[in-house]
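Undergrad: can't give you the sequence, but here's the structure:
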């Protein structure tokens, strides 16, 4: 229980570890310092659906974007079904550790 305005030192067991983020063009990786590998890999990909280009798209139809693992899954399904992906706008919004348009 934490009391307002009262500060106490945390024991080593209670203290959270240091989180390490590796932000690269294709993936964002996260984990704890001192561990051998990241615990989490998130694809840094964004897809703009072709119907989002139309001006009559309503907000009720959901987001015009697909991001992360859902975007990779979406592309995989399109490839399996041998559907055209040329009309999709596929973006890797992180370049050299910075978010770009």
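TA: Right, received. Where do you want to start? This is a predicted model, so every value here is computed, not measured.
Undergrad: for the helix or strand bottoming out on mean pLDDT in the chain, which strands pair with it and how are they oriented?
TA: Between all helices and strands in the chain, the lowest mean by mean pLDDT, DSSP states H and E belongs to strand 98-99, at a mean of 84. Here strand 98-99 has these sheet partners by DSSP bridges: strand 94-95 (antiparallel).
Undergrad: ends of stretch 79-96, how far apart?
TA: 28 Å (CA to CA, to the nearest Å).
Undergrad: list the contacts of that stretch.
TA: Applying CB atoms under 8 Å, 6 or more residues apart in numbering, the contact partners of stretch 79-96 are 23-26, 28, 44-50, 71, 75, 78, 99-101. Any C-beta I mention is one placed from the backbone N, CA and C, and that applies to glycine too.
Undergrad: now with 7 Å, please.
TA: Surrounding stretch 79-96, the residues in contact under the criterion CB atoms under 7 Å, 6 or more residues apart in numbering are 23, 25-26, 44-48, 50, 75, 78, 99-100.
Undergrad: what do you get for stretch 33-45?
TA: If you take CB under 7 Å, 6+ apart as the criterion, stretch 33-45 is touched by 17-18, 20, 22, 25-32, 67-69, 71-72, 90, 92-94.
Undergrad: now with 8 Å?
TA: 17-20, 22-32, 67-69, 71-72, 90-94.
Undergrad: mind giving me the ChimeraX command for buried ones among those?
TA: In ChimeraX, this line selects whichever of the contacts of stretch 33-45 come out buried by 16 or more other CB atoms under 10 Å:
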select :27,28,29,31,67,71,91,94
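Undergrad: can you tell me which of the contacts of stretch 33-45 are in helices?
TA: Among the contacts of stretch 33-45, the members falling in helices (DSSP state H) are 68, 69, 71, 72.
Undergrad: show me where this protein dips below the pLDDT cut-off.
TA: 1-16, 51-61 (pLDDT under 70).
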